[in-house]
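Engineer: Below: sequence and its predicted model.
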Amino acid sequence: MTDVVGIIDFDFALPGGRMTVRHMHELSGRPEADILAWTHSRQIPVFDEHEEAWELVADVARKILDRAGIAPHEVGQVVMAGSGDWDSPAWSPAAKVADELGITSAHCFEVVNFCTASSTAVQIAADAVTAGRVRYALVLFGERSSRTVDYADPESVSLFNTGDCAAAVLIGTEDVRYDLLSCRMRTDPSWCDFYMGEYEDGRVVTRRRGRQLTLAKTYLDNYLALAAGTLDALGLTADDVAYLLINQMDRRMHERLLKQLGLTEGRSVFNYERYGHMGCADPFLALAELEATDAVRPGDTVLLATSGTGFSWGITALRRR
């Protein structure tokens, strides 16, 4: 019987820079109360101009490899996941991190699926391990999403909670901490143009195109359909879910999703006041918080719910060993 593929270890680190609500107000003219209704936090972690995202990612990745006792040459795949807002354009941060760590024979590449890229990259890495193409795979998160937010645009307030962080996830079959039970994803392409980047003053900024009157319902419908399909395939019900961890983009939608699934807020993690939205790394920050308090027990099923521009949604089911 083939060993179950899963997550061996993971970790994250926050950059040193901060974007404050006061500064957002000064740039946009929006009242601080309006901004706080979206950010929930008075400051969001961001990479400042003196920090390189890839360096912080390399530090985190090195830490988990050292903890697992895995040599660089044993890693066969390195995937950087995100929205493509790397330190430099037309460049491979995955390869840069690999070079820094001494990983010389792995396939290094990037996956752009925006804030659901974590689900996508974990599945790609797990597939490579399952097929026997690699023994271990590293999934990395380290982009500069805050750089695409136009804080001078008051209509972009729904993006003001977007911040930056670095994270790494080690995938394999040995000494697994979380079995990867399932990963289901889907895209509603009719929303493909709702958010779109444009060039402005030598940089790319994200703009919202159109009104979002039905977007919240679309979010809920897709999440509920994926969750139902995942649980049915695993022979589980919502009562069997210990925790559901979701991207920290919209607290109201987060609360509605839990209610629709019949889950209390105590079976999720709300990091809005501490971090804001850390891109596709959000669910792993939440999982790290649960682990810090020993909240996840052996046998617990945890669902990671992700979503991203496009619009795509993902539900990844994990089980604690």
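Structural biologist: Perfect, thanks for sending it.

Engineer: where's L261 relative to Y272, distance?
Structural biologist: From L261 over to Y272 the distance is 19 Å, taken as Cβ to Cβ, to the nearest Å. Just so you know, the C-beta spots here come from the backbone N, C-alpha and C atoms, and that holds for glycine as well.

Engineer: swap in G102?
Structural biologist: 38 Å.

Engineer: all helices for the protein, in order.
Structural biologist: 21-28, 32-39, 53-68, 93-101, 117-130, 215-234, 251-261, 282-292 (DSSP state H).

Engineer: most neighbours per residue, which of the ones you listed?
Structural biologist: Highest mean neighbour count of those: helix 117-130, a mean of 24 (counted as mean count of other Cβ atoms under 10 Å).

Engineer: got any ranges where the stretch 1-150 of the chain has weak pLDDT?
Structural biologist: Scanning the stretch 1-150 of the chain for pLDDT under 70 picks out the ranges 1-2.

Engineer: do that again at 90, thanks
Structural biologist: The model of the stretch 1-150 of the chain has pLDDT under 90 over residues 1-3.

Engineer: contacting residues around the closest residue to V57 other than its chain neighbours?
Structural biologist: Using Cβ to Cβ, 6 or more residues apart in numbering and skipping residues adjacent in sequence, the residue nearest V57 is G142, 3.5 Å away. Applying Cβ atoms under 8 Å, 6 or more residues apart in numbering to G142 gives the contacts A53, W54, L56, V57, M80, G82, W86, P93, V97, C165, A166, A167.

Engineer: which ones are touching the last one?
Structural biologist: The neighbourhood of A167, defined by Cβ under 8 Å, 6+ apart, consists of F10, D11, F12, A13, V57, V60, L140, F141, G142, A281, F284, L285.

Engineer: For the nearest residue to E198 once chain neighbours are set aside, give me its contacts.
Structural biologist: Using Cβ to Cβ, 6+ apart and skipping the chain neighbours, the partner closest in space to E198 is R207 (5.7 Å). Contacts for R207 (Cβ under 8 Å, 6+ apart) come out as D150, D153, S156, Y195, M196, G197, E198.

Engineer: Please apply the same query to F160.
Structural biologist: M24, S28, I35, W38, T39, I44, V149, Y151.

Engineer: Those: which two are farthest apart?
Structural biologist: S28 and I44 (13.8 Å; Cβ to Cβ).

Engineer: if we can go back for a sec, tell me the one of the contacts of F160 nearest I171?
Structural biologist: I44 (28.9 Å).

Engineer: Show me the strands in the stretch 51-200 of the chain, by range?
Structural biologist: 75-82, 107-112, 136-142, 166-172, 178-187, 195-200 (DSSP state E, counting those that start in this stretch).

Engineer: on that earlier part again, quick one: which of G102 and Y272 has more around it?
Structural biologist: Each of G102 and Y272 has its neighbours counted (other Cβ atoms under 10 Å); Y272 has more, 19 against 12.

Engineer: Let me know the pLDDT of the more buried one.
Structural biologist: Reading off the confidence values, Y272 has pLDDT 95.

Engineer: which residues sit in contact with the nearest residue to it once chain neighbours are set aside?
Structural biologist: Among residues not flanking Y272 along the chain, H40 sits closest, at 3.8 Å (Cβ to Cβ, 6+ apart). When contacts are counted by Cβ under 8 Å, 6+ apart, H40 touches N161, R251, Y272, E273, G276.

Engineer: The last one against Q248, yeah?
Structural biologist: It stands for G276. Yes. With contact defined as Cβ atoms under 8 Å, G276 counts as touching Q248 (6.8 Å).

Engineer: Please identify every residue contacting each of these two.
Structural biologist: Here G276 and Q248 share the contacting residues N161, scored by Cβ under 8 Å, 6+ apart.

Engineer: V269 versus the closest residue to T316 other than its chain neighbours, what's the distance?
Structural biologist: Take T316 and drop its neighbours on the chain: the residue closest to it by Cβ to Cβ, 6+ apart is L304, 4.3 Å away. From L304 over to V269 the distance is 11 Å, taken as Cβ to Cβ.
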